[in-house]
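Engineer: coords please:
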Amino acid sequence: MFKVTFKNTGMAVDVENGAELKTVTKDNQWPVAYGCEDGMCGTCMVKVVEGGANLSPMDEKEKGTLEAMGMDTGTYRLCCQCRVNGDCTIEQ
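Structural biologist: Residues are numbered from 1 along each chain as shown. Predicted coordinates for the structure are as follows:
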C-alpha cells in the first residue's frame, strides 16, 4: 500500500500499487476538475509536491498537453494519466 496526500486539505489515503490517480481523487471527492479524461484538455492538472518519481512515466500525449500549456517543468501531471507506484503528495 502507498499513501497519496492531497496537500490542500492534508487528507491522505492508502492506495494499491498501480492505482489510477484519477480514481483516487474522484473516490475521495478531492476538488480536481475533469474534462476529457484522456490527457488532452489539461483540466485535471495538479502540482506534484513530493514523490513525482513514484508516479507512472509520462506518455507523449500528456507531455504534449503540458507543453502546450507551458507547464512541462516536470512538476505538473495530469491526474487522468497517472498511476501511483509509491507515496506522493499533490496539490491543485
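Engineer: List the residues that contact the residue positioned nearest the centre of the chain.
Structural biologist: In the chain, the C-alpha nearest the mean C-alpha coordinate belongs to C79, at 3.3 Å (Cα atoms, centre = their mean). C79 is in contact with L21, K22, T25, V32, Y34, C44, M45, V46, I90, counting by Cβ atoms under 8 Å, 6 or more residues apart in numbering. Where you see a C-beta, it was placed from the backbone N, CA and C, and this is true even at glycine.
Engineer: Low-confidence regions, this structure specifically.
Structural biologist: Residues of the chain meeting the criterion pLDDT under 70: none.
Engineer: ranges for the helices of it?
Structural biologist: 21-27, 60-68 (DSSP state H).
Engineer: Just send those helices back as TSV, with distance to G86 and mean neighbour count too.
Structural biologist: Listed next are the helices of the chain as TSV, based on distance: least, Cβ to Cβ, whole Å; neighbours: other Cβ atoms under 10 Å:
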stretch	distance to G86	mean neighbour count
helix 21-27	12	19
helix 60-68	18	15
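Engineer: got the ones you listed as JSON lines, with distance to V4 columns?
Structural biologist: Below are these laid out as JSON lines (distance: least, Cβ to Cβ, whole Å):
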{"stretch": "helix 21-27", "distance to V4": "5"}
{"stretch": "helix 60-68", "distance to V4": "18"}
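Engineer: I'd like to know which of the ones you listed lies nearest to T5.
Structural biologist: helix 21-27 (10.5 Å; Cβ to Cβ).
Engineer: Give me the helices and strands touching the closest one, please.
Structural biologist: The contact analysis (3 or more Cβ pairs under 8 Å, 6 or more residues apart in numbering; DSSP states H and E) places helix 21-27 against strand 2-6, strand 83-84.
Engineer: cutoff 10 Å now
Structural biologist: strand 2-6, strand 11-15, strand 19-20, strand 45-50, strand 76-78, strand 83-84, strand 88-91 (3 or more Cβ pairs under 10 Å, 6 or more residues apart in numbering; DSSP states H and E).
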